[in-house]
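Engineer: take this sequence and fold it.
(one chain, ligands or ions: 1)
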Amino acid sequence: MTVAGVVAATAGLYAQDTPKVVGYTDTPFLPGDKWHVHDPNRPQPQIVVPPAEGPFTKAPADAIVLFDGTDLSKWQAGNGAASGWVLKDGSMMVPPGGTPGGGDILTKDSFGDMQLHIEWCAPEEVKGSGQGRGNSGIIIMNRYELQVLDCYNNPTYPDGQAGAVYGQTPPLVNASRPPGQWQSYDVLWTAPRFKDGKLESPAYITAIHNGVVVQNHTELLGTTQHRQLGRYEAHEPTAPLRLQDHGDRVRYRNIWVRPLPAATEAQ
Ligand code: MG
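Structural biologist: Numbering: from 1, shown residues only. The predicted model follows:
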């Protein structure tokens, strides 16, 4: 290695060891907490190295398969087919900016309480930092984002990390795999209930990242927002699942849902 190479390698190591976390402290405080929304100073979730791969669970018999690698027929973009997303090697990928049929895509079907399995992969080529690296998102009921982000050696504000309820609750730990490797989320979702236009019971999420629990029956404050506190606005009992196009070429595969009966109905 040349001297310049040694210097570059050392500089890279230094950058990883002393990360500068970009965030916000001019944002509202989270309720009952000492941290601001997107606070860069709250503790970074502990790193837990997950198993090398999986769980890449195949859809059970009663699941609704939303993507099996072959087509995008269960999805739509804002005004039509999700034709911009790139189908390749059994996955679908966020397209380059401005691609017709790109942008966020939504399921044609709507869901409330559910079990969700989804696999994602951040771009192998590392570009950008913080929220600008491998950013996408699983936006449940078209309102509530479970963050997708390349969080391998990429510190960012904890409530914006992979497995965070964006802008509300950081993941319990950082169970990220390196970019270019497939990762999985398994989610149990309880939809919020509204009565006469008012919140009757909040949404709850349990999420498992690469086999590691990152959200444990976490209560949501409302819709997930950038730089703002989430708040609830009454909506239908079911709504589409949305995948975020944040400009990074994140891929998805093996997406399935099992709608769940409400607890009071599951007798
Ligand atoms: Mg996102």
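
Engineer: so how far is stretch 85-94 from its chain's centroid?
Structural biologist: 18 Å (Cα atoms, centre = their mean, to the nearest Å).

Engineer: what segments of the stretch 51-200 of the chain are strands?
Structural biologist: 64-67, 75-77, 80-81, 86-88, 91-93, 105-107, 114-121, 136-140, 144-148, 173-174, 183-190, 193-195, 198-201 (DSSP state E, counting those that start in this stretch).

Engineer: of those, which shows the lowest average pLDDT?
Structural biologist: Mean pLDDT is lowest for strand 80-81 out of these, coming in at a mean of 90.

Engineer: just checking: what are the partner strands of it?
Structural biologist: The sheet places strand 80-81 alongside strand 75-77 (antiparallel), with pairing taken from DSSP bridges.

Engineer: how about residues contacting the partner strand?
Structural biologist: Applying Cβ atoms under 8 Å, 6 or more residues apart in numbering, the external contacts of strand 75-77 come out as 66-67, 82-85, 101-108, 243. All C-beta atoms are positioned from the backbone trio N, CA, C, and that covers glycine.

Engineer: and what of stretch 213-228?
Structural biologist: With contacts defined as Cβ under 8 Å, 6+ apart, stretch 213-228 is touched by 24, 27-28, 30-31, 37-38, 139, 143-146, 163, 165-169, 171-173, 175, 192, 202-208, 229-233.

Engineer: got CSV for the strands of the stretch 51-200 of the chain, with mean neighbour count and distance to residue 52 too?
Structural biologist: CSV is the format used below for the strands of the stretch 51-200 of the chain (neighbours: other Cβ atoms under 10 Å; distance: least, Cβ to Cβ, whole Å):
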stretch, mean neighbour count, distance to residue 52
strand 64-67, 19, 24
strand 75-77, 20, 30
strand 80-81, 12, 36
strand 86-88, 14, 23
strand 91-93, 20, 19
strand 105-107, 22, 30
strand 114-121, 21, 14
strand 136-140, 23, 23
strand 144-148, 25, 20
strand 173-174, 20, 16
strand 183-190, 21, 11
strand 193-195, 13, 40
strand 198-201, 12, 39
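
Engineer: reformat these as a markdown table; add distance to residue 222.
Structural biologist: Putting those into a markdown table (distance: least, Cβ to Cβ, whole Å) gives the following:
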| stretch | distance to residue 222 |
| --- | --- |
| strand 64-67 | 25 |
| strand 75-77 | 25 |
| strand 80-81 | 30 |
| strand 86-88 | 33 |
| strand 91-93 | 29 |
| strand 105-107 | 20 |
| strand 114-121 | 19 |
| strand 136-140 | 13 |
| strand 144-148 | 8 |
| strand 173-174 | 25 |
| strand 183-190 | 14 |
| strand 193-195 | 12 |
| strand 198-201 | 8 |
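
Engineer: out of those, flag the one nearest the ion.
Structural biologist: Closest approach to the ion among the strands of the stretch 51-200 of the chain is made by strand 136-140 (3.3 Å; Cβ to the ion).

Engineer: what's the angle from the closest one to strand 144-148?
Structural biologist: 150 degrees (axes from the mean of the first three to the mean of the last three Cα atoms, to 10 degrees).

Engineer: for residue 67, see how far away residue 162 is.
Structural biologist: According to Cβ to Cβ, to the nearest Å, residue 162 stands 20 Å off from residue 67.

Engineer: get me the contact residues on the chain for the ion.
Structural biologist: 135, 137, 244 (Cβ under 5 Å from the ion).

Engineer: in PyMOL, select just the buried ones from the contacts of stretch 213-228.
Structural biologist: Per 16 or more other Cβ atoms under 10 Å, the buried members of the contacts of stretch 213-228 correspond to this PyMOL selection:
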select buried, resi 24+27+30+37+38+139+143+144+145+146+163+165+166+167+168+169+171+172+173+175+192+203+204+205+206+207+208+229+230+232
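
Engineer: out of the contacts of stretch 213-228, list just those in helices.
Structural biologist: Per DSSP state H, helices hold no members of those.

Engineer: residues in contact with the residue nearest the centre of the chain?
Structural biologist: In the chain, the C-alpha nearest the mean C-alpha coordinate belongs to residue 147, at 2.7 Å (Cα atoms, centre = their mean). For residue 147, the contact set (Cβ under 8 Å, 6+ apart) comprises 135, 137, 160, 161, 162, 163, 164, 165, 166.
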